[in-house]
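**Q** Here is my input; please provide its structure:
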Amino acid sequence: MANGAGNHYGFELPEELIMLRDQIRRFMREEVKPIEDTLPHDATGCAPADLARLRGLAEAMGLTRLTVPEEHGGNQLSALARAIVAEESAKCRLGGYAPALGAFGGGPPNILWSGTPTQIERYAKPCIDGAKRAFVAITEPTGGSDPRNNISTRAERRGDAWVLNGRKMWITAAKGADFGVVFARTKDGGGGAPPEITAFIVEPGFPGIEFNEIKVIRALSPYEIVLDNCEVPAENVLGEVGRGFGVAQAWLVDARIPYAAGCIGIAQEALDMACGWVKQRPTRDGMLADKQAVQWMIADSEVELRAARMLVYDAASKVDAGQPGKVDASVCKLYGTETAGRVVDRAMQMFGGMGMAKEMPLERWYRELRVKRIGEGPSEVHRMVIARDKLNRTDGGHYFG
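**A** Model prediction:
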């Protein structure tokens, strides 16, 4: 983006974050794109040798283990820095589902760092070097927007183990993972109290667990997980029994800000591509860029992306300042995902028929961004969170206070 060295439309980035942003951009342009250009249109990753080389380069540049606490050998970044990495690394054909083809991997789900020393050693640390992969399973056939009340998967204590029964749906990266964190109900609520939810570390090798692929509009398939008397050792409870909802909520809030940032990165790349195209696409009486209809699509997209980016920066800055971030994360997730979808749609319109072609990344981004409006909580739920917060904080203004 040609928007000044560090000034993102009124938000002055610290020098170290400008350097980080530019470093990621160079990495994507010089190292990732040449590999990505050789891949099939709907690839979900690259060859192991290419991935190993990219990870080695990223490691040497200090761009791995970005969510891993320093005490565990990581390079944990601030929320604002993670948002910048997410935006820049999503500017590739694989988009937000495989930023930098996995080169910036090297960390388990953040919730695992709240585990016991044994759990951290056995499950979390091997993820740092890519020796293990993990999934997180919250959503069920009944829905995932209200996990505390919708989770019907049951866990019963039997001796030294917990027995899980139920189904999880739409779970990303479940197949082939070495373990996952599964949330289950351990006690029903009563007297108006919510049910108690517990988090369990579950391995695919445990008896009674089955994975079924679900074909969807994006290239990367999610999975259904069937738990049929699946025995989980008692030591695999993550956190405290009955307090898993807090673990899930913290993870979701932490993930929504970079989630929105990645969508913005995809949309920014689409807009930049479209601007380059319309300036060289001739029409009968000039270039396509001269047409007012096209200029208005560009202007609307630019304005919305600037606003979306500022919402992400604002939310991340509040989290870094130790302020509550739940509502701000909902604001930037809602606006970022919906803005990105509109911008990519306009870019496809400006490209015309070429925008539909699979040799271009636009049609893939269009499909994947549609999923983003549901993943990490659908837009409607985030609107509910935002509205309830506003109503609770507002006394009616000057005329109705």
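**Q** what's the closest residue to Pro69 other than its chain neighbours in contact with, if anything?
**A** Distances taken as C-beta to C-beta, 6 or more residues apart in numbering put Gln76 closest to Pro69, at 5.3 Å, once the chain neighbours are dropped. All C-beta spots, glycine's among them, are computed from the backbone N, C-alpha and C. Contacts of Gln76 were listed using C-beta atoms under 8 Å, 6 or more residues apart in numbering, and they are Arg65, Leu66, Thr67, Val68, Pro69, Glu70.
**Q** Would you format the residues you listed as JSON lines with neighbour count and secondary structure included?
**A** Below are the contacts of Gln76 laid out as JSON lines (neighbours: other C-beta atoms under 10 Å; DSSP: H, G, I helix; E, B strand; the rest coil):
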{"residue": "Arg65", "neighbour count": "23", "secondary structure": "coil"}
{"residue": "Leu66", "neighbour count": "22", "secondary structure": "coil"}
{"residue": "Thr67", "neighbour count": "20", "secondary structure": "coil"}
{"residue": "Val68", "neighbour count": "22", "secondary structure": "coil"}
{"residue": "Pro69", "neighbour count": "15", "secondary structure": "coil"}
{"residue": "Glu70", "neighbour count": "9", "secondary structure": "helix"}
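**Q** Give me the distance between the residue nearest to Pro69 and Tyr259.
**A** Counting by C-beta to C-beta, to the nearest Å, the gap from Gln76 to Tyr259 is 18 Å.
**Q** where exactly do the strands run in the stretch 251-400 of the chain?
**A** Applying DSSP state E, counting those that start in this stretch to the stretch 251-400 of the chain gives strands spanning 282-283, 286-287.
**Q** Remind me what the last one packs against, helices and strands.
**A** Using 3 or more C-beta pairs under 8 Å, 6 or more residues apart in numbering; DSSP states H and E as the contact definition, the elements that strand 286-287 packs against are helix 244-280.
**Q** what's the helix it packs on packed up against?
**A** On a contact count with 3+ C-beta pairs under 8 Å, 6+ apart, helix 244-280 meets helix 79-89, helix 147-150, strand 179-187, strand 196-202, strand 286-287, helix 292-320, helix 326-351, helix 362-372.
**Q** what's the distance between that helix and the middle of its chain?
**A** In this view, helix 244-280 has its centroid 8 Å away from the chain centroid, taken as C-alpha atoms, centre = their mean, to the nearest Å.
**Q** and if you look at stretch 357-371?
**A** With C-alpha atoms, centre = their mean as the basis, stretch 357-371 stands 17 Å off its chain's centre.
**Q** Buried residues, that stretch. List them.
**A** Met360, Pro361, Leu362, Glu363, Arg364, Trp365, Tyr366, Arg367, Glu368, Leu369, Arg370, Val371 (16 or more other C-beta atoms under 10 Å).
**Q** Same question for stretch 30-46.
**A** Applying a neighbour-count criterion of 16+ other C-beta under 10 Å, one finds Glu31, Val32, Ile35, Glu36, Leu39, Ala43, Thr44, Cys46 buried in stretch 30-46.
**Q** Considering these, which is situated nearest to Met61?
**A** Glu31 (9.7 Å; C-beta to C-beta).
**Q** Pull up the gap between that closest one and Gly355, please.
**A** 27 Å.
**Q** what's the domain layout of this protein?
**A** The chain breaks down by automatic domain parsing into domains covering 7-111+120-128, 132-238, 246-396.
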